[in-house]
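Visitor: dropping the sequence and predicted coords here.
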Amino acid sequence: MQIHFYKYQGTGNDFVILDNRNGDYAGLTTEQIEHLCDRRFGIGADGLMMLENQDGYDFRMKYYNADGREGSMCGNGGRCLTAFARHMGIPGETLRFIATDGGHDAKFRENGWVELKMKDVDQVENGGSFFYLNTGSPHYVQFVTDIQEVDVYEDGRAVRYNDRFAAVGTNVNFVQEIDKGIFVRTYERGVEDETYSCGTGVTAAALTAAPGEAGEYAIPVETLGGHLEVRFLRTGEQQYEDIWLCGPATPVFEGNIKI
């Protein structure tokens, strides 16, 4: 099979993207997708996405983790796929697409950033030393005092495969409060390693970093791959609405590969 692919990245979170609106790539297997995402033997990416048609929406987002399995919502992926949809000629000031967790709006800033509306959050577990919540994907959030000293791979893996989470898995975020916002490092399930950035992860971190009072917040976020911003409205102790993940989404290259 000959595949024409595109590669995009959002703060170092990188993705292989396929235009599947004609169904050309519907037959790709788990093993083939894993091969495409392999950084030594394939193209190399944190995940693979397909742009597909969906009635009532501008497009459908189909997301696969780097292990080849279909994944849950990916925030940076959604922003990158929106930028790709615009590149492919899908018009509109605001694009609306559907993913595994429901519908999303996305819009463009003049500086090239893509803003993605995330699902509302109405349940946050406070475990004392951690938070656990779902922002389209499940996230464990732990605040630390020196994020550079954290062994994200080992410590993240220990949580992801502990007795509670081993069966389904969770993403694990380590968060440090800094002068302007927060710094976040994430171990991602499906990739099974630290990534340069995780959109649903920084969203979870920003929500739990906000003060307890109700109100509008804009939290600057630093990641290994660059700068993001999370804006939201806190309406109650565990209620968050109008959540927007904002940041760059840029093409890296395109090409052809035969598998």
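Guide: Sure thing, it's come through. Numbers count the residues shown, from 1 in each chain.
Visitor: in the helix ranked longest in the chain, what's buried?
Guide: Ranked by number of residues, the top helix in the chain under DSSP state H is helix 75-87. By neighbour count on 16 or more other CB atoms under 10 Å, the buried set for helix 75-87 is 75-86. C-betas here are computed from N, CA, C, even on glycine.
Visitor: repeat for stretch 93-112
Guide: Residues of stretch 93-112 classed as buried: 95-99, 101, 104, 106-108 (neighbour count, 16+ other CB under 10 Å).
Visitor: in the stretch 1-150 of the chain, which spans are helices?
Guide: Taking DSSP state H, counting those that start in this stretch as the test, the helices found in the stretch 1-150 of the chain are 30-37, 75-87.
Visitor: can you put these in JSON lines and add distance to residue 142 and mean pLDDT?
Guide: Output for the helices of the stretch 1-150 of the chain, formatted as JSON lines (distance: least, CB to CB, whole Å; pLDDT from 0 to 100):
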{"stretch": "helix 30-37", "distance to residue 142": "27", "mean pLDDT": "98"}
{"stretch": "helix 75-87", "distance to residue 142": "19", "mean pLDDT": "98"}
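Visitor: take the ones you listed and lay them out in a markdown table including distance to residue 175.
Guide: Formatted as a markdown table, the helices of the stretch 1-150 of the chain follow (distance: least, CB to CB, whole Å):
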| stretch | distance to residue 175 |
| --- | --- |
| helix 30-37 | 27 |
| helix 75-87 | 16 |
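Visitor: these two touch, right, residue 87 and residue 249?
Guide: No. Assessed by CB atoms under 8 Å, residue 87 is found out of contact with residue 249, at 10.3 Å.
Visitor: picking that back up, show me the contact partners of the longest helix of the chain.
Guide: With CB atoms under 8 Å, 6 or more residues apart in numbering as the test, helix 75-87 has contacts from 6, 8-11, 13, 15, 17, 47, 49, 51, 58-59, 61, 63, 95, 97, 99, 104, 106, 108, 114-116, 118, 135-136, 197-203, 245, 247, 249-251.
Visitor: and those, which of them are buried?
Guide: Buried, going by 16+ other CB under 10 Å: 6, 8-11, 13, 15, 17, 47, 49, 51, 58-59, 61, 63, 95, 97, 99, 104, 106, 108, 114-116, 118, 135-136, 197-203, 245, 247, 249, out of the contacts of helix 75-87.
Visitor: which of those residues fall within strands?
Guide: Secondary structure from DSSP state E places 6, 8-10, 13, 15, 17, 47, 49, 51, 59, 61, 63, 95, 97, 99, 104, 106, 108, 114-116, 245, 247 of the buried ones among the contacts of helix 75-87 in strands.
Visitor: among the helices of the stretch 1-150 of the chain, which is nearest residue 258?
Guide: helix 30-37 (11.3 Å; CB to CB).
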